[in-house]
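> Give me the fold of what follows.
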Amino acid sequence: MGANILLRIAAWFVVVSWAVGGTLESEVFHVAGKVLCQDCGHGWNEWVNGANPIKGSKVSVTCLDERERAIHFTSDTTDGSGNFEIACKKYVNGKKLNPQNCYVRLVSSSDPVCNVATNFAGGKSGVKLHRPSVVYRDICKYMMGPFYYTTPMCDEPDTSATADQDDSDGEKKNY
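I've put the predicted structure just below:
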């Protein structure tokens, strides 16, 4: 009799564990962060600590498959605090997305003055998702550090020469 009860308890535990485990797999993962404006026209302390949120700037998530083809693209605009949260479906056209093959990048700024994307925190070139910051029950969230825009006055032009700009005789091309 005691073995029968023990067997029933073990079976109940297996069924409950399976049921709970089956519901924990979420259909989406979330990407969240903040977009700020950094103005270099102020003093150093204001530049470092005084970044202002940009409402209405656009941030995108692009996911690639194993052959590095884009298979998913979604975007979101920031709220009044400069925050964004993008929900990405884990399955697209029957294929499972690997969040580690997804990139988050700045798209556009709604601020007419602060509209030059910077690569500070990788916003201009894109940041690859690595590990989720929040994993709790059916929530899987990747929290990004703040991305920054700056004013045209603060933008430093790229003056480095690339290999394709050199002629064979060492002269620079004008295009």
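
> So in this structure, which strand runs the longest?
strand 28-38 (DSSP state E).

> Distance from it to the middle of the chain?
Averaging C-alpha positions (C-alpha atoms, centre = their mean, to the nearest Å) puts strand 28-38 7 Å from its chain's average.

> That one packs against which elements?
Under the contact criterion of 3 or more C-beta pairs under 8 Å, 6 or more residues apart in numbering; DSSP states H and E, strand 28-38 touches strand 52-53, strand 58-64, strand 83-89, strand 102-108, strand 139-143, strand 147-150. All C-beta spots, glycine's among them, are computed from the backbone N, C-alpha and C.

> For the spatially most central residue of the chain, list each beta-bridge partner.
Geometric centre of the chain, nearest residue: residue 104, 3.3 Å, by C-alpha atoms, centre = their mean. Beta-bridge partners recorded for residue 104 (DSSP bridges): residue 61, residue 127.

> which ones are touching it?
31, 33, 59-61, 86, 126-127, 129, 142, 144 (C-beta atoms under 8 Å, 6 or more residues apart in numbering).

> Equivalent analysis for residue 91, please.
Contacts of residue 91 (C-beta under 8 Å, 6+ apart): 27, 97.

> any idea how far it is from residue 43?
50 Å (C-beta to C-beta, to the nearest Å).

> cool, residue 153 as well?
From residue 153 to residue 43 the distance is 15 Å (C-beta to C-beta).

> can you check residue 144 too?
Applying C-beta to C-beta, the value for residue 144 to residue 43 is 27 Å.

> likewise residue 69?
Residue 69 is 47 Å from residue 43, by C-beta to C-beta.

> Same drill for residue 144 and residue 43, tell me which one is more crowded.
Remark: of residue 144 and residue 43, residue 144 carries more neighbours, 20 against 9, as counted by other C-beta atoms under 10 Å.

> Make sure that one is actually in contact with residue 32.
Yes: Residue 144 is within contact range of residue 32, at 6.9 Å (criterion: C-beta atoms under 8 Å).

> residues contacting the nearest residue in space to residue 56 that is not next to it in sequence?
Leaving aside its chain neighbours, residue 56 sits nearest to residue 110 (3.4 Å; criterion: C-beta to C-beta, 6 or more residues apart in numbering). Applying C-beta under 8 Å, 6+ apart, we find residue 110 in contact with 54-58, 77.

> What about these, which one has the most neighbours?
residue 57 (26 neighbours).

> what are the phi and psi angles of that one?
phi -80, psi 150 (degrees, to the nearest 10).

> Quick check: it vs residue 88, distance?
Distance from residue 57 to residue 88, by C-beta to C-beta: 19 Å.
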